[in-house]
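Visitor: Curious how this folds, go ahead:
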Amino acid sequence: MKHSYILILLSIFMSVNMQAQITDTIKNASDTIIAPVGILTQAQVDSIAKTEEAIEYRKNHTDYYVLRKGRIFGSWGYNRSSYSPSTIRFWGDGYDFTVNNATAHDRQTKFDPAVYFNPSLLTIPQYNLRIGYYLTNKISLTFNVDHMKYVFDNPQNASVEGYIDSSASEKYAKVYDPTRITNITDEFIRYEHTDGLNLVGLELDYNSLFFETSNRKFAADLIAGVGLSAAVPKTNATLFGTLGNDAFHLAGAGISGNVGVKLFFFKRFYIHPTVKVGWVYMPNVATNGLENDKASQNISYFQGNFTIGYQYKIAHK
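Guide: Numbering: from 1, shown residues only. The predicted model follows:
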C-alpha cells in the first residue's frame, strides 16, 4: 500500500515538473509568452491566409481585368440619334432669316444592292470609332469620331422670321412674320448634315469592373465619362431650289456625357453599348462653300451606340 502511495506521489511530481518545463520553453527573457518553434499564432495564420488569398486573386483576376494601365483598345460600331428642336439662322447675299424650333431626324443607312454595288452611290452609315489608352487602372483617355446624320424634317410647319430679297429668290421673297406659321418644303429649305454631323474629340472615362467569371472568360465593366469635341460637318444644303457646294468645315464644338458597359469575351474582345447625351454649338456652318453664305445652330442630342472592340497591353506596369 505504501508503494502505491509513493508511485502516485512520484507521478504527480513528474507531471508538475514536465508542465513547468513546457511553460519555461514558451517564455522569453522578460516572461512574455511566445510560440514555441513550429507553432504559429492565430494572427500569423490569418496573415498567411490573407497573403495566399491575395496571391491567388492576383493570379486569377489582375492580368487583364484589374491591372489595365498601359493597355490600348479600339472599337467600331453604329449609332442612332435623336435631336432636340433647333433654331437655325441662314444668311447670305440677299437673305437673312431664322427658322425657330426646327425639327430633324437621323438617317440610318439601309441595305440596297443597287447602292452597295455602285460605289458612286454609296453613303457612309452612322458610325462610332474609338481608340483609347488606360492612363491608370481605372481612367482611360479615348479619341472618338462620332459620325451622325442630321436631316431637317421636310415638310414641316415652323415659325420663320427675317427677310429674303428678290435677288436671292423671287418665289420666297418677303419679310417673314414670326407670329405666323410657314409650311417649309424641300423646295424652300433642304438642310442636312448627312456626310455628316461629325464630332471629333476626346473622352475621359472611369472604368469599374463589377462582374467576372471564375475562369476569366467573361467580365463586365461599368463605364462613365465626359467628352469634348470639334464639330466638323459636311453640310448638304439647298436654299430656294439652289444646291450648295458642300465641304468639310470646322463649324463649332460640342460637349457630351456618356454611360455604358463593356462586356469582355476571352479577355481581349469586347462589345461596348453606350448611351450619350450632348450639346453642339455651331456658329459657322458653311451652306454652299462661299464665305458669305452661312448657317448657325445649336443642337442637343441623345445617342445610343454599339461598338465591337479589341484591347491589347503594350506596357507592363
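Visitor: Just confirm Trp91 contacts Lys294, I think it does.
Guide: Yes - applying CB atoms under 8 Å, one finds Trp91 in contact with Lys294, separated by 5.9 Å. Every C-beta, even on glycine, is put in place using the N, C-alpha and C of the backbone.
Visitor: Extract the CA atoms of stretch 177-184 and return them as CSV.
Guide: This file holds the C-alpha atoms of stretch 177-184, laid out as CSV (Å, rounded to 0.1, in the frame of the first residue of the first chain):
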residue,chain,number,x,y,z
ASP,A,177,-43.6,87.4,-89.6
PRO,A,178,-42.5,85.2,-86.7
THR,A,179,-46.1,85.1,-85.3
ARG,A,180,-47.3,83.2,-88.4
ILE,A,181,-46.5,79.6,-89.2
THR,A,182,-44.8,78.8,-92.5
ASN,A,183,-45.0,75.5,-94.3
ILE,A,184,-41.4,74.6,-95.2
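Visitor: So what touches that stretch?
Guide: 99-100, 154-161, 176 (CB atoms under 8 Å, 6 or more residues apart in numbering).
Visitor: So which of those residues are in strands?
Guide: By the criterion of DSSP state E, membership of the contacts of stretch 177-184 in strands covers 99-100, 156-161, 176.
Visitor: and those residues, which are buried?
Guide: Buried members of these, counted by 16 or more other CB atoms under 10 Å: 99, 156, 158-161, 176.
Visitor: Which one of those residues is nearest to Val200?
Guide: Distance to Val200 across these (CB to CB) is lowest for Val99, with 26.7 Å.
Visitor: Now do the contacts for the closest one.
Guide: So Val99 contacts 87-90, 158-160, 184, 189 (CB under 8 Å, 6+ apart).
Visitor: rerun at 10 Å
Guide: 85-90, 152, 156, 158-162, 176, 182, 184, 188-189, 191, 295, 297 (CB atoms under 10 Å, 6 or more residues apart in numbering).
Visitor: With Tyr176 instead?
Guide: By CB under 10 Å, 6+ apart, the contact set of Tyr176 is 97-99, 159-164, 182.
Visitor: Export the buried ones among the ones in strands among the contacts of stretch 177-184 as a markdown table, with columns for pLDDT.
Guide: Shown next, in a markdown table, are those (pLDDT from 0 to 100):
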| residue | pLDDT |
| --- | --- |
| Val99 | 97 |
| Gln156 | 95 |
| Ala158 | 96 |
| Ser159 | 96 |
| Val160 | 96 |
| Glu161 | 97 |
| Tyr176 | 96 |
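Visitor: Neighbouring strands - and their directions - for the strand or helix carrying Gln303?
Guide: Assigned by DSSP states H and E, Gln303 falls within strand 294-313. Strand 294-313 has its sheet partners listed here by DSSP bridges as strand 71-83 (antiparallel), strand 86-92 (antiparallel), strand 269-286 (antiparallel).
Visitor: so for that strand, what's the average pLDDT?
Guide: Averaged across strand 294-313, pLDDT comes to 94.
Visitor: and the nearest residue to Val145 once chain neighbours are set aside, what does it touch?
Guide: Leaving aside its sequence neighbours, Val145 sits nearest to Leu129 (CB to CB, 6 or more residues apart in numbering; 4.3 Å). Residues in contact with Leu129 (CB under 10 Å, 6+ apart) are 74-77, 143-147, 200, 307.
Visitor: switch to 8 Å and redo it
Guide: 74-76, 144-145, 147.
Visitor: and those as CSV, adding pLDDT?
Guide: Listed next are these as CSV, based on pLDDT from 0 to 100:
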residue, pLDDT
Gly74, 96
Ser75, 96
Trp76, 96
Asn144, 96
Val145, 96
His147, 95
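Visitor: Gly162 contacts Thr98, doesn't it?
Guide: Yes - counting by CB under 8 Å, Thr98 is a contact partner of Gly162 at 5.4 Å.
Visitor: Please enumerate the shared neighbours of the two.
Guide: Common neighbours of Gly162 and Thr98 (CB under 8 Å, 6+ apart) are Arg89.
Visitor: if we can go back for a sec, now the contacts of stretch 177-184 in JSON lines, please, with extra columns for distance to Arg216.
Guide: Formatted as JSON lines, the contacts of stretch 177-184 follow (distance: CB to CB, whole Å):
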{"residue": "Val99", "distance to Arg216": "55"}
{"residue": "Asn100", "distance to Arg216": "56"}
{"residue": "Asn154", "distance to Arg216": "53"}
{"residue": "Pro155", "distance to Arg216": "56"}
{"residue": "Gln156", "distance to Arg216": "53"}
{"residue": "Asn157", "distance to Arg216": "58"}
{"residue": "Ala158", "distance to Arg216": "56"}
{"residue": "Ser159", "distance to Arg216": "59"}
{"residue": "Val160", "distance to Arg216": "60"}
{"residue": "Glu161", "distance to Arg216": "62"}
{"residue": "Tyr176", "distance to Arg216": "65"}
